[in-house]
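J.: Show me the folded form of this:
(one chain, ligands or ions: 1)
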Amino acid sequence: MADRVHLLRDFSQTTLLSVDIARVDTWHRPGLLLIGDAAHVISPVGGNGILMAVQDAVAAANRLVPAMRRGTATTADLAAVQADRETAIERVQAKQVAIERQVGRARERGRPIGPPPLLKLITALPGVRGRNARANAYGPNPPRLDLGLLSSTLH
Ligand SMILES: Cc1cc2nc3c(=O)[nH]c(=O)nc-3n(C[C@H](O)[C@H](O)[C@H](O)COP(=O)(O)OP(=O)(O)OC[C@H]3O[C@@H](n4cnc5c(N)ncnc54)[C@H](O)[C@@H]3O)c2cc1C
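T.: Predicted structure coming up:
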C-alpha cells in the first residue's frame, strides 16, 4: 500500500470495521434458512467462523436434502438445522467472548497480551497440544456429511 498511503490526509478517510459476536434467535422463516454469519456472526478470535459456516451447510444438507427429495420439507426441518448447530455456535461464541474479555483486561492493565503462563505450560505438552489443535480445527460437535446424499441428484 506504500504507493497510496500518501493519499490519506485525515483519519476520517479510513473505515473502522466493527466486529460483532452475536446471533439471531430464530434462524428460519417459512421458505428461508439463515446459516453462517447471517445467523450468528463469529469474530476473528480462534479462526472458527468459516468452519462454523461450512458445518452449518453440512447440517443443512443432512436435514434438508432428504426432506426436499421426499417433497416434504417443512419449517420443522429448518428448525432442526438450528437445533443441530446452536449449541456448537453458543460454545464457540462464549469462548470468543471470554478471550476478548481477557485480552481487554490485559490491555487495560498494560500487561502483555497472551495466554497465562500456566496455560502456556499445559498446552506445550504434546498430547494436550494435539487435542487442543483438533478441538479448534473441528469445533464442538462437528457434523459429518451424509455421503448417501451425494448418490443421487435433487429433482
Ligand atoms: C476481520 C475478520 C477476520 C476473520 N478471520 C477469520 C479467520 O481467520 N478464520 C475464520 O475461520 N474466520 C474468520 N472470520 C470470520 C469469518 O470471516 C466468518 O465467520 C465467515 O466468513 C462467515 O462465512 P459466511 O459464508 O457465513 O459469510 P460471508 O463470508 O460474509 O459470505 C457472505 C457472502 O455473501 C455476499 N453477499 C451479501 N449480500 C449479498 C447479496 N445481497 N447478494 C449477493 N451476495 C451477497 C457477501 O459479499 C459475501 O461474499 C473473520 C471475521 C472478521 C470480521
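
J.: how about the residues of the chain near the ligand?
T.: The interface of the chain toward the ligand, taken as Cβ under 6 Å from any ligand atom, is made up of V19, G36, D37, A38, I42, P44, G47, N48, G49, I50, L51, A53. Glycine gets a C-beta too; all of them are placed from N, C-alpha and C.

J.: The fifth one contacts G49, correct?
T.: Yes: under the criterion of Cβ atoms under 8 Å, I42 makes contact with G49 at 3.5 Å.

J.: Comparing the two, which shows the higher neighbour count?
T.: I42 (24 against 18; other Cβ atoms under 10 Å).

J.: which ones are touching that one?
T.: I21, N48, G49, M52, A53, I89, V92, Q93, Q96 (Cβ atoms under 8 Å, 6 or more residues apart in numbering).

J.: before we move on, back to that, name the pair among the residues of the chain next to the ligand with the greatest separation in space.
T.: A38 and G47 (19.2 Å; Cβ to Cβ).

J.: dump the residue contacts of the nearest residue to P30 once chain neighbours are set aside.
T.: Nearest in space to P30, with sequence neighbours left out and distances taken as Cβ to Cβ, 6 or more residues apart in numbering, is T75 at 5.4 Å. T75 sits next to H28, R29, P30 when contact means Cβ under 8 Å, 6+ apart.

J.: now do 10 Å
T.: By Cβ atoms under 10 Å, 6 or more residues apart in numbering, the residues touching T75 are H28, R29, P30, G31, L32, L33.

J.: out of everything not next to it in sequence, what's closest to the last one?
T.: Pointing back at L33 there. L78 (4.8 Å).

J.: what does the first one give?
T.: With Cβ to Cβ, 6+ apart as the measure, L78 is the residue that lies nearest to H28, at 3.6 Å, once sequence neighbours are left out.

J.: which residue ranges form the helices in this protein?
T.: Counting by DSSP state H, the chain has helices at residues 49-70, 75-108, 117-123, 126-138.
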